[in-house]
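[1] The sequence and its predicted three-dimensional model are supplied below.
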Amino acid sequence: MAIQPIRGGSLSEAEVTTAPRVAWPAPAERSESPLVQGLRRLRRSGTALVGVVIVVLLVTVAIFADVLAPQSPIASDQAHTFARPSWDHPLGTDQLGRDMLSRVIHGTRISLLVGVSSVLLALFVGVPFGMIAGFYGGRVDTLIMRVMDLILAFPIYLLAIILMVMFTPTAGLIGTMKVTGAIAIVRIPIYARLVRGSVLSIKEKEYVEACRALGVRDPWILFRHVLPNCLAPIIVTTTLGIATSIIVEATLSFLGLGTQPPTPSWGWDLKANISFIQANAWLSLFPGLAIFVTVLGFNLFGDGLRDALDPRLK
(Lines give C-alpha, C1' and ligand atoms only; values in the text may rest on other atoms or scores of the structure.)
Protein backbone atom coordinates (compact mmCIF):
# COMPACT_ATOMS: atom_id res chain seq x y z
CA MET A 1 0.00 0.00 0.00
CA ALA A 2 1.38 3.35 -1.05
CA ILE A 3 2.08 5.85 1.64
CA GLN A 4 0.79 9.28 0.82
CA PRO A 5 3.09 12.10 1.68
CA ILE A 6 2.14 14.48 4.43
CA ARG A 7 1.32 17.88 3.11
CA GLY A 8 2.69 20.86 4.86
CA GLY A 9 1.10 24.23 5.31
CA SER A 10 -2.30 25.25 6.59
CA LEU A 11 -5.56 23.37 6.08
CA SER A 12 -7.94 24.45 3.35
CA GLU A 13 -11.36 25.99 4.15
CA ALA A 14 -13.17 22.78 3.15
CA GLU A 15 -10.97 20.67 5.43
CA VAL A 16 -11.54 23.04 8.31
CA THR A 17 -15.30 22.86 7.78
CA THR A 18 -15.43 19.07 7.62
CA ALA A 19 -12.92 18.45 10.41
CA PRO A 20 -14.42 17.05 13.61
CA ARG A 21 -14.81 19.62 16.33
CA VAL A 22 -13.28 18.99 19.73
CA ALA A 23 -15.70 19.49 22.63
CA TRP A 24 -13.79 21.50 25.21
CA PRO A 25 -14.94 21.15 28.81
CA ALA A 26 -17.05 24.07 30.00
CA PRO A 27 -15.45 26.22 32.68
CA ALA A 28 -16.61 25.34 36.16
CA GLU A 29 -19.13 27.71 37.66
CA ARG A 30 -17.86 29.83 40.49
CA SER A 31 -19.14 28.45 43.76
CA GLU A 32 -20.98 30.79 46.11
CA SER A 33 -19.32 31.92 49.30
CA PRO A 34 -20.80 30.81 52.63
CA LEU A 35 -21.90 34.40 53.25
CA VAL A 36 -23.90 34.54 50.02
CA GLN A 37 -25.47 31.16 50.75
CA GLY A 38 -26.39 32.29 54.26
CA LEU A 39 -28.00 35.51 52.99
CA ARG A 40 -30.00 33.55 50.44
CA ARG A 41 -31.29 31.18 53.12
CA LEU A 42 -32.06 34.17 55.35
CA ARG A 43 -34.20 35.75 52.65
CA ARG A 44 -36.17 32.52 52.31
CA SER A 45 -37.03 32.45 56.03
CA GLY A 46 -40.33 34.18 56.71
CA THR A 47 -39.82 34.34 60.47
CA ALA A 48 -36.36 35.84 60.05
CA LEU A 49 -37.72 38.55 57.75
CA VAL A 50 -40.40 39.39 60.30
CA GLY A 51 -37.68 39.71 62.92
CA VAL A 52 -35.60 41.93 60.63
CA VAL A 53 -38.57 44.23 60.01
CA ILE A 54 -39.28 44.54 63.74
CA VAL A 55 -35.62 45.24 64.56
CA VAL A 56 -35.32 47.86 61.80
CA LEU A 57 -38.49 49.60 63.00
CA LEU A 58 -37.23 49.60 66.60
CA VAL A 59 -33.88 51.05 65.59
CA THR A 60 -35.63 53.73 63.52
CA VAL A 61 -37.89 54.66 66.44
CA ALA A 62 -34.90 54.82 68.80
CA ILE A 63 -32.90 57.08 66.46
CA PHE A 64 -35.77 59.46 65.69
CA ALA A 65 -37.44 59.34 69.12
CA ASP A 66 -37.22 63.11 69.54
CA VAL A 67 -39.07 63.61 66.25
CA LEU A 68 -41.65 60.82 66.60
CA ALA A 69 -42.63 61.51 70.22
CA PRO A 70 -45.60 63.93 70.27
CA GLN A 71 -44.66 65.37 73.68
CA SER A 72 -41.86 65.40 76.20
CA PRO A 73 -41.56 62.04 78.01
CA ILE A 74 -40.84 63.69 81.36
CA ALA A 75 -43.17 66.70 81.26
CA SER A 76 -46.07 66.24 83.69
CA ASP A 77 -49.57 67.69 83.41
CA GLN A 78 -51.52 67.40 86.65
CA ALA A 79 -54.73 68.45 84.90
CA HIS A 80 -54.70 65.32 82.70
CA THR A 81 -53.65 62.48 84.99
CA PHE A 82 -54.89 58.99 84.15
CA ALA A 83 -56.31 60.19 80.84
CA ARG A 84 -57.67 57.38 78.71
CA PRO A 85 -56.28 56.82 75.20
CA SER A 86 -57.50 59.63 72.97
CA TRP A 87 -56.48 61.65 69.94
CA ASP A 88 -54.33 63.96 72.06
CA HIS A 89 -52.82 61.06 74.04
CA PRO A 90 -53.00 57.87 71.90
CA LEU A 91 -51.76 55.69 74.79
CA GLY A 92 -53.20 57.78 77.61
CA THR A 93 -51.30 59.42 80.46
CA ASP A 94 -49.89 58.12 83.74
CA GLN A 95 -50.46 59.26 87.33
CA LEU A 96 -48.29 62.34 86.73
CA GLY A 97 -49.99 63.29 83.49
CA ARG A 98 -47.05 62.26 81.30
CA ASP A 99 -47.84 61.09 77.78
CA MET A 100 -47.40 57.31 77.66
CA LEU A 101 -46.76 57.20 73.90
CA SER A 102 -43.82 59.55 74.30
CA ARG A 103 -42.46 57.49 77.18
CA VAL A 104 -42.79 54.23 75.24
CA ILE A 105 -41.03 55.77 72.22
CA HIS A 106 -38.16 57.15 74.30
CA GLY A 107 -38.01 53.91 76.28
CA THR A 108 -37.09 52.17 73.03
CA ARG A 109 -33.86 54.19 72.95
CA ILE A 110 -32.90 53.19 76.50
CA SER A 111 -33.73 49.50 76.02
CA LEU A 112 -31.80 49.18 72.76
CA LEU A 113 -28.90 51.22 74.11
CA VAL A 114 -28.52 49.03 77.19
CA GLY A 115 -29.19 45.79 75.31
CA VAL A 116 -26.76 46.39 72.45
CA SER A 117 -24.05 48.10 74.52
CA SER A 118 -23.99 45.43 77.22
CA VAL A 119 -23.76 42.62 74.67
CA LEU A 120 -20.97 44.34 72.73
CA LEU A 121 -19.05 45.01 75.95
CA ALA A 122 -19.40 41.38 77.03
CA LEU A 123 -18.40 40.32 73.51
CA PHE A 124 -15.18 42.34 73.46
CA VAL A 125 -14.15 40.96 76.85
CA GLY A 126 -15.39 37.38 76.65
CA VAL A 127 -14.19 36.54 73.12
CA PRO A 128 -10.47 37.28 73.74
CA PHE A 129 -10.53 35.35 77.02
CA GLY A 130 -12.21 32.40 75.33
CA MET A 131 -9.72 32.42 72.45
CA ILE A 132 -6.71 32.53 74.79
CA ALA A 133 -8.09 29.78 77.02
CA GLY A 134 -8.90 27.46 74.14
CA PHE A 135 -5.75 28.10 72.11
CA TYR A 136 -3.12 27.83 74.85
CA GLY A 137 -4.84 25.44 77.27
CA GLY A 138 -3.04 24.29 80.39
CA ARG A 139 -2.94 26.57 83.40
CA VAL A 140 -4.12 29.57 81.41
CA ASP A 141 -7.24 27.69 80.38
CA THR A 142 -7.84 26.45 83.90
CA LEU A 143 -7.48 29.90 85.46
CA ILE A 144 -9.78 31.67 82.97
CA MET A 145 -12.45 28.99 83.00
CA ARG A 146 -12.56 28.78 86.80
CA VAL A 147 -13.21 32.51 86.96
CA MET A 148 -15.98 32.13 84.38
CA ASP A 149 -17.45 29.20 86.31
CA LEU A 150 -17.47 31.36 89.43
CA ILE A 151 -19.53 34.01 87.64
CA LEU A 152 -21.86 31.39 86.15
CA ALA A 153 -22.45 29.90 89.60
CA PHE A 154 -24.74 32.86 90.36
CA PRO A 155 -28.17 33.03 88.72
CA ILE A 156 -28.13 35.77 86.10
CA TYR A 157 -30.74 37.96 87.81
CA LEU A 158 -29.27 37.49 91.29
CA LEU A 159 -25.80 38.50 90.11
CA ALA A 160 -27.20 41.50 88.22
CA ILE A 161 -29.07 42.61 91.34
CA ILE A 162 -25.93 42.24 93.49
CA LEU A 163 -23.88 44.27 91.02
CA MET A 164 -26.47 47.05 90.81
CA VAL A 165 -26.63 47.24 94.61
CA MET A 166 -22.84 47.61 94.63
CA PHE A 167 -22.93 50.22 91.84
CA THR A 168 -25.73 52.26 93.52
CA PRO A 169 -28.35 53.06 90.85
CA THR A 170 -28.43 56.69 89.74
CA ALA A 171 -30.37 58.69 87.16
CA GLY A 172 -29.12 59.95 83.84
CA LEU A 173 -26.38 58.66 81.59
CA ILE A 174 -24.22 57.47 84.49
CA GLY A 175 -27.04 55.27 85.73
CA THR A 176 -27.54 53.80 82.26
CA MET A 177 -23.82 53.02 82.07
CA LYS A 178 -23.99 51.23 85.43
CA VAL A 179 -26.84 49.04 84.22
CA THR A 180 -24.94 48.32 81.01
CA GLY A 181 -21.81 47.32 82.92
CA ALA A 182 -23.70 45.04 85.30
CA ILE A 183 -25.44 43.17 82.48
CA ALA A 184 -22.17 42.92 80.52
CA ILE A 185 -20.36 41.30 83.46
CA VAL A 186 -23.14 38.73 83.75
CA ARG A 187 -22.87 37.79 80.05
CA ILE A 188 -19.07 37.64 79.70
CA PRO A 189 -18.79 33.91 80.63
CA ILE A 190 -21.33 32.97 77.96
CA TYR A 191 -19.11 34.25 75.15
CA ALA A 192 -15.91 33.01 76.76
CA ARG A 193 -17.16 29.41 77.00
CA LEU A 194 -18.72 29.53 73.53
CA VAL A 195 -15.51 30.74 71.86
CA ARG A 196 -13.32 28.38 73.88
CA GLY A 197 -15.29 25.37 72.64
CA SER A 198 -14.97 26.49 69.03
CA VAL A 199 -11.24 27.22 69.33
CA LEU A 200 -10.55 23.78 70.83
CA SER A 201 -11.75 22.14 67.62
CA ILE A 202 -10.39 24.74 65.19
CA LYS A 203 -6.83 24.76 66.51
CA GLU A 204 -6.44 21.11 65.50
CA LYS A 205 -7.14 21.85 61.83
CA GLU A 206 -4.43 21.39 59.21
CA TYR A 207 -4.19 25.06 58.25
CA VAL A 208 -3.51 26.04 61.84
CA GLU A 209 -0.79 23.40 62.12
CA ALA A 210 0.68 24.64 58.83
CA CYS A 211 0.80 28.21 60.15
CA ARG A 212 2.59 27.04 63.25
CA ALA A 213 5.09 25.08 61.16
CA LEU A 214 5.79 28.19 59.08
CA GLY A 215 6.51 30.19 62.21
CA VAL A 216 3.45 32.44 62.07
CA ARG A 217 2.93 34.29 65.33
CA ASP A 218 0.08 33.23 67.60
CA PRO A 219 -1.81 36.56 67.56
CA TRP A 220 -1.91 36.47 63.76
CA ILE A 221 -3.15 32.87 63.79
CA LEU A 222 -5.86 33.71 66.31
CA PHE A 223 -7.26 36.78 64.58
CA ARG A 224 -6.60 35.76 60.96
CA HIS A 225 -7.47 32.07 60.93
CA VAL A 226 -9.20 31.07 64.17
CA LEU A 227 -11.57 33.97 64.88
CA PRO A 228 -13.22 34.06 61.40
CA ASN A 229 -14.23 30.43 61.84
CA CYS A 230 -15.91 31.25 65.16
CA LEU A 231 -18.03 34.12 63.84
CA ALA A 232 -21.18 32.16 63.00
CA PRO A 233 -22.01 31.04 66.59
CA ILE A 234 -20.84 34.40 67.95
CA ILE A 235 -23.21 36.35 65.67
CA VAL A 236 -26.19 34.15 66.54
CA THR A 237 -25.49 34.27 70.29
CA THR A 238 -25.03 38.05 70.13
CA THR A 239 -28.39 38.57 68.43
CA LEU A 240 -30.22 36.37 70.91
CA GLY A 241 -28.26 37.92 73.79
CA ILE A 242 -29.62 41.39 73.01
CA ALA A 243 -33.14 40.14 73.72
CA THR A 244 -32.02 38.63 77.03
CA SER A 245 -30.23 41.83 78.03
CA ILE A 246 -33.36 43.88 77.33
CA ILE A 247 -35.36 41.59 79.61
CA VAL A 248 -32.72 41.87 82.34
CA GLU A 249 -32.72 45.68 82.07
CA ALA A 250 -36.52 45.78 82.30
CA THR A 251 -36.42 43.45 85.31
CA LEU A 252 -33.84 45.58 87.12
CA SER A 253 -35.84 48.72 86.40
CA PHE A 254 -39.01 47.03 87.63
CA LEU A 255 -37.21 46.22 90.89
CA GLY A 256 -36.00 49.81 91.17
CA LEU A 257 -32.35 48.90 90.53
CA GLY A 258 -32.10 49.73 86.83
CA THR A 259 -32.77 52.92 84.92
CA GLN A 260 -33.93 55.58 87.36
CA PRO A 261 -36.57 58.28 86.80
CA PRO A 262 -37.13 60.65 85.17
CA THR A 263 -35.40 58.69 82.37
CA PRO A 264 -38.11 56.80 80.41
CA SER A 265 -37.87 53.06 80.92
CA TRP A 266 -40.34 50.30 80.12
CA GLY A 267 -39.51 48.39 83.28
CA TRP A 268 -39.86 51.45 85.50
CA ASP A 269 -43.21 52.35 83.90
CA LEU A 270 -44.43 48.84 84.69
CA LYS A 271 -43.31 49.24 88.29
CA ALA A 272 -44.84 52.70 88.71
CA ASN A 273 -48.19 51.78 87.17
CA ILE A 274 -48.66 48.23 88.41
CA SER A 275 -50.76 49.43 91.36
CA PHE A 276 -53.25 51.06 88.97
CA ILE A 277 -53.62 48.07 86.68
CA GLN A 278 -57.19 47.28 87.68
CA ALA A 279 -58.60 50.74 87.02
CA ASN A 280 -56.17 51.80 84.26
CA ALA A 281 -54.89 48.68 82.57
CA TRP A 282 -53.39 50.52 79.60
CA LEU A 283 -50.69 52.05 81.80
CA SER A 284 -49.00 48.66 82.17
CA LEU A 285 -50.26 47.15 78.93
CA PHE A 286 -48.32 49.30 76.47
CA PRO A 287 -44.86 49.11 78.15
CA GLY A 288 -45.34 45.36 78.49
CA LEU A 289 -46.26 45.07 74.81
CA ALA A 290 -43.18 47.08 73.88
CA ILE A 291 -40.94 44.64 75.77
CA PHE A 292 -42.76 41.68 74.20
CA VAL A 293 -42.46 42.95 70.62
CA THR A 294 -38.79 43.90 71.03
CA VAL A 295 -37.76 40.57 72.50
CA LEU A 296 -39.82 38.71 69.89
CA GLY A 297 -38.16 40.62 67.04
CA PHE A 298 -34.62 39.86 68.20
CA ASN A 299 -35.47 36.21 68.90
CA LEU A 300 -36.96 35.71 65.43
CA PHE A 301 -33.98 37.43 63.85
CA GLY A 302 -31.55 35.32 65.89
CA ASP A 303 -33.31 32.07 64.99
CA GLY A 304 -33.22 33.02 61.32
CA LEU A 305 -29.51 33.80 61.53
CA ARG A 306 -28.85 30.48 63.23
CA ASP A 307 -30.58 28.59 60.43
CA ALA A 308 -28.92 30.70 57.73
CA LEU A 309 -25.39 30.35 59.08
CA ASP A 310 -25.63 26.64 59.81
CA PRO A 311 -23.60 24.89 57.06
CA ARG A 312 -25.62 21.70 57.54
CA LEU A 313 -28.77 23.45 56.30
CA LYS A 314 -28.57 23.98 52.55
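    Structure received.

[2] alpha carbons only for contacts and neighbour counts from here, please
    Will do.

[3] Next, name the residue at the spatial heart of the chain.
    T239 (2.3 Å; CA atoms, centre = their mean).

[4] Poorly predicted segments of the stretch 201-314 of the chain, please.
    Along the stretch 201-314 of the chain, segments meeting pLDDT under 70 span 310-314.

[5] scratch that, the stretch 1-150 of the chain
    1-39.

[6] Show me the helices in it, by range?
    13-18, 34-44, 46-63, 65-68, 100-136, 138-152 (DSSP state H, counting those that start in this stretch).

[7] Figure out which of those helices is closest to A272.
    helix 100-136 (12.2 Å; CA to CA).

[8] Now that closest one: buried residues?
    In terms of neighbour count (16 or more other CA atoms under 10 Å), helix 100-136 has its buried residues at 100-123, 125-135.

[9] any idea how far that helix is from the chain center?
    8 Å (CA atoms, centre = their mean, to the nearest Å).

[10] can you check stretch 257-264 too?
    Its chain's C-alpha centre and that of stretch 257-264 lie 24 Å apart, by CA atoms, centre = their mean.

[11] So which residues make contact with that stretch?
    When contacts are defined by CA atoms under 8 Å, 6 or more residues apart in numbering, stretch 257-264 is touched by residues 73-74, 103-104, 106-107, 110, 161, 164-165, 169-172, 175-176, 179, 249-253, 265, 268.

[12] can you rerun that using 7 Å?
    Identification of contacts with stretch 257-264 by CA atoms under 7 Å, 6 or more residues apart in numbering yields 73-74, 103, 106-107, 164, 169-172, 175-176, 179, 249, 252-253, 265.

[13] Check stretch 47-56 too.
    Contacts for stretch 47-56 (CA under 7 Å, 6+ apart): 42-43, 297-298, 300-301, 303-304.

[14] Separate out the buried members of those residues.
    Using 16+ other CA under 10 Å as the threshold, 42, 297-298, 300-301, 303-304 are the buried ones among those.

[15] Sort out which of the residues you listed are in helices and list them.
    By the criterion of DSSP state H, membership of the buried ones among the contacts of stretch 47-56 in helices covers 42, 297-298, 300-301, 303-304.

[16] can you list these in JSON lines and add distance to I151?
    Formatted as JSON lines, these follow (distance: CA to CA, whole Å):
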{"residue": "L42", "distance to I151": "35"}
{"residue": "G297", "distance to I151": "29"}
{"residue": "F298", "distance to I151": "25"}
{"residue": "L300", "distance to I151": "28"}
{"residue": "F301", "distance to I151": "28"}
{"residue": "D303", "distance to I151": "27"}
{"residue": "G304", "distance to I151": "30"}
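
[17] Does T244 belong to a helix, a strand or coil?
    On the three-state scheme (DSSP: H, G, I helix; E, B strand; the rest coil), T244 is labelled helix.

[18] any idea how far it lies from V186?
    From T244 over to V186 the distance is 11 Å, taken as CA to CA, to the nearest Å.

[19] Please say which of these two ends up with more neighbours.
    More neighbours surround V186 than the other of T244 and V186, with 24 against 19 (other CA atoms under 10 Å).
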